[in-house]
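*Asks:* Sequence first, then the predicted structure, then my questions.
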Amino acid sequence: MAKIVFKELTSNQNVLFPVSLSEKTAEHLSPEIKQGPIVFPEYAGRRFKARVDTGHTGSILSASWYSRLPDIAYHETEIAGVGASQYKRLPYVRVLQLRFQNQTIYLRDVDICDKLYGQPAEIEALLGYDFLEGRDWLLEQDFKLLP
């Protein structure tokens with residue numbers, strides 16, 4: 001299991017994943033900290049802008065990925081709403097190989113969405129626990145892999 005350490009100026013204690021920001025007073029935090037750090041992994045030798053979303057189990061790609069992925073598959077998923085549910089055919093990539101801080105990371109079954117809600121257009125992916133798992137990460141000003 002990945003461990004995320006939140007380093008605060010007022011505390012020397014480590015908090016283990018997951019951490020809910022609602023448990024802390026978030027007024028003094030910048031919008032980037034509230035939503036998760038921005039990182040720049042590589043896919044096929046090209047860097048892209050992504051946000052780490054520690055509250056999500058799986059990663060999600062934006063529609064900008066349609067043009068750069070060679071093998072897009074589709075699966076049926078149920079979308080439940082108030083009083084009704086429907087099935088929708090969603091695009092996804094079976095295996096996505098990324099490079100980040102000299103590490104190769106394989107994400108599996110990553111959905112591609114038309115819009116990443118709550119994110120600016122330049123964010124091309126939300127990277128969830130599948131991006132973090134199996135490694136120890138330190139979240140400070142920079143997103144660094146622990147030795």
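*Replies:* Received it, and whenever you're ready, just let me know what you need.

*Asks:* Sort out which residues of whichever strand in the chain runs longest are buried, please.
*Replies:* For the chain, the longest strand by residue count, based on DSSP state E, is strand 84-100. Buried residues in strand 84-100, counted by 16 or more other Cβ atoms under 10 Å: 91-93, 96, 98, 100. Where you see a C-beta, it was placed from the backbone N, CA and C, and this is true even at glycine.

*Asks:* Over to stretch 39-46?
*Replies:* 39, 41, 43.

*Asks:* rewinding a little: mind giving me the packing neighbours of the longest strand of the chain?
*Replies:* Under the contact criterion of 3 or more Cβ pairs under 8 Å, 6 or more residues apart in numbering; DSSP states H and E, strand 84-100 touches strand 42-43, strand 73-81, strand 103-112.

*Asks:* For the ones you listed, give me JSON lines that also has distance to F131 and mean pLDDT.
*Replies:* Shown next, in JSON lines, are the helices and strands packed on strand 84-100 (distance: least, Cβ to Cβ, whole Å; pLDDT from 0 to 100):
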{"stretch": "strand 42-43", "distance to F131": "12", "mean pLDDT": "97"}
{"stretch": "strand 73-81", "distance to F131": "20", "mean pLDDT": "86"}
{"stretch": "strand 103-112", "distance to F131": "6", "mean pLDDT": "94"}
